[in-house]
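Undergrad: give me coordinates for this.
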Amino acid sequence: MNPDIEEIIKYDSEGVKIDYKREEYSLGRNIKKFEILKDISAFANHHSDDDKFIIIGVKEENGIAKEFFDIELTDEAKYQQFILENIEPKINFEYKAYEFQGVNLAYFRIFNNSSRPYLFKKDLQNPVNNKTEYRKGDGYIKIGSSSKKIDRSDLEHIYKTRYISKDRKQDIEIKAYYGKPGENSELYTFDINYIDIEIINNSNKSIDFDVEMKVNKNDLFQLIPEGQLVKEIKEQDRKRNSHFGVNLDFHTPIFNLDISFQEEDDFVSIERYTRSNKTAISLPQNSKEIDVFQGHLFVLQKEINKIEATVIIRSDDFTNGALIKQIIFKK
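TA: Reported below is the predicted structural model:
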């Protein structure tokens, strides 16, 4: 994943997902040596499964980034080892450089941490004053822009929600658009468009689903599947050329076996399916599927402002039923 750190710096303030630090965390003999353990575990323990960020080299004012300072990047492996030695279970994070307006910053991205709670493995003594700063079993959690020590009620909430399946509808984004046939299509030379959708998985987990779209009919346009359109065009060509005594060898159109089309009184229904897998589409984390219906549904129009449709997505990751969304195609 390539997080948009610039967008975060410009528009986000400190909270349960964002923190700004003026300097890198020290791993040497420093009174704040264990601060990184507290900060990263507090983010990991927050109930949100969204990515969290600690951006280094930023001076904030009222939670807003104001000044920026060059950072000499510490090797990520050192931070990984230090946190692994002192916190359990393992916290997933990365530490990367980032240039912002000519300044060399850095950021921690804390992600995919659902094995809460993340707690200290052992007692830790401050290397400067030798006082016990953290004890085995201690834990912290983000509350607003600050962190607090985990108490019994926090633990009860963590264990209560840990095994509840999250409804992942909010992970899915749907975009409607018009498309043009590609150069390899028999319809490439025609001034004609298909309608289709793009589905985006905005999460850090893959998702499997089936998808259907119901497109409302209208007297101002005709909806026609690709195979039928190709047949009609070839039939018109055959009739036109037969007047001149020309016999042409027309290929039989190849129908897409992964798409089903059905026409009803008020709408047409198009569905993506598969013969071999459990679901029609398996979408990896932070990825998208364009031409979900493989450019199969064409529009023959007289005059049109918009086409209304309903997308239905079914997935085992939707605990409260199917995702149903109204969409509009605009030319």
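Undergrad: sketch out the low-pLDDT regions of the stretch 51-200 of the chain for me.
TA: 165 (pLDDT under 70).
Undergrad: which residues in it form strands?
TA: Using DSSP state E, counting those that start in this stretch, the strands of the stretch 51-200 of the chain run over 52-56, 58-61, 64-68, 87-88, 93-100, 103-110, 119-120, 124-125, 132-134, 140-143, 146-149, 172-179, 193-201.
Undergrad: for the third one, which helices and strands make contact with it?
TA: Yep, that's strand 64-68 we're talking about. Using 3 or more CB pairs under 8 Å, 6 or more residues apart in numbering; DSSP states H and E, the elements in contact with strand 64-68 are strand 58-61. C-beta: built from backbone N, CA, C; applies to glycine.
Undergrad: counting by contacts, list what the strand it packs on packs against.
TA: Strand 58-61 packs on strand 18-21, strand 64-68, going by 3+ CB pairs under 8 Å, 6+ apart.
Undergrad: contact partners of it?
TA: 9, 14, 20-22, 65-69, 105 (CB atoms under 8 Å, 6 or more residues apart in numbering).
Undergrad: so which bits of it are buried?
TA: 58, 60 (16 or more other CB atoms under 10 Å).
Undergrad: CA atoms of that strand as PDB?
TA: Output of strand 58-61 as PDB, limited to C-alpha atoms (Å, rounded to 0.1, in the frame of the first residue of the first chain):
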ATOM      1  CA  VAL A  58       6.300  17.200  12.400                       C
ATOM      2  CA  LYS A  59       5.600  19.900  15.100                       C
ATOM      3  CA  GLU A  60       1.900  20.200  15.700                       C
ATOM      4  CA  GLU A  61      -0.200  23.000  17.100                       C
END
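Undergrad: what about the residue sitting nearest the centre point of the chain, distance to Ile174?
TA: Nearest to the mean C-alpha position of the chain, by CA atoms, centre = their mean, lies Asn202 at 0.8 Å. Applying CB to CB, to the nearest Å, the value for Asn202 to Ile174 is 11 Å.
Undergrad: ok, now how distant is Asn201 from Glu7?
TA: Taken as CB to CB, the span from Asn201 to Glu7 is 19 Å.
Undergrad: now what about stretch 116-129, what contacts it?
TA: Contacts for stretch 116-129 (CB under 8 Å, 6+ apart): 29-31, 33-34, 37, 41, 44-45, 47, 85-89, 91, 131-139, 150, 154-155, 158, 162.
Undergrad: top of the contacts of strand 58-61 by neighbour count?
TA: Among the contacts of strand 58-61, the one with the most neighbours (other CB atoms under 10 Å) is Tyr20, at 26 neighbours.
Undergrad: enumerate every residue touching it.
TA: Applying CB under 8 Å, 6+ apart, one finds that Tyr20 lies in contact with 14, 54-55, 58-60, 65.
Undergrad: same check on Leu73?
TA: Counted by CB under 8 Å, 6+ apart, Leu73 has contacts 95, 97, 104, 106.
Undergrad: try it again at 6 Å.
TA: 97, 106 (CB atoms under 6 Å, 6 or more residues apart in numbering).
Undergrad: and the one 3 residues further on, by the same measure?
TA: When contacts are counted by CB under 6 Å, 6+ apart, Glu76 touches Tyr95.
Undergrad: Tyr95 versus that one, what's the distance?
TA: From Glu76 over to Tyr95 (counting by CB to CB), the distance is 4 Å.
Undergrad: same check, this time on Gly179
TA: 41 Å.
Undergrad: these two: who's more crowded?
TA: In this view Gly179 and Tyr95 are compared by other CB under 10 Å, and Tyr95 has more residues nearby, 20 against 14.
Undergrad: who is the more buried one paired with across the strands?
TA: Here Tyr95 sits in beta bridges with Phe108, going by DSSP bridges.
Undergrad: residues contacting it?
TA: 76, 79, 108.
Undergrad: repeat for Ser13
TA: Applying CB under 6 Å, 6+ apart, the residues near Ser13 are 63-64.
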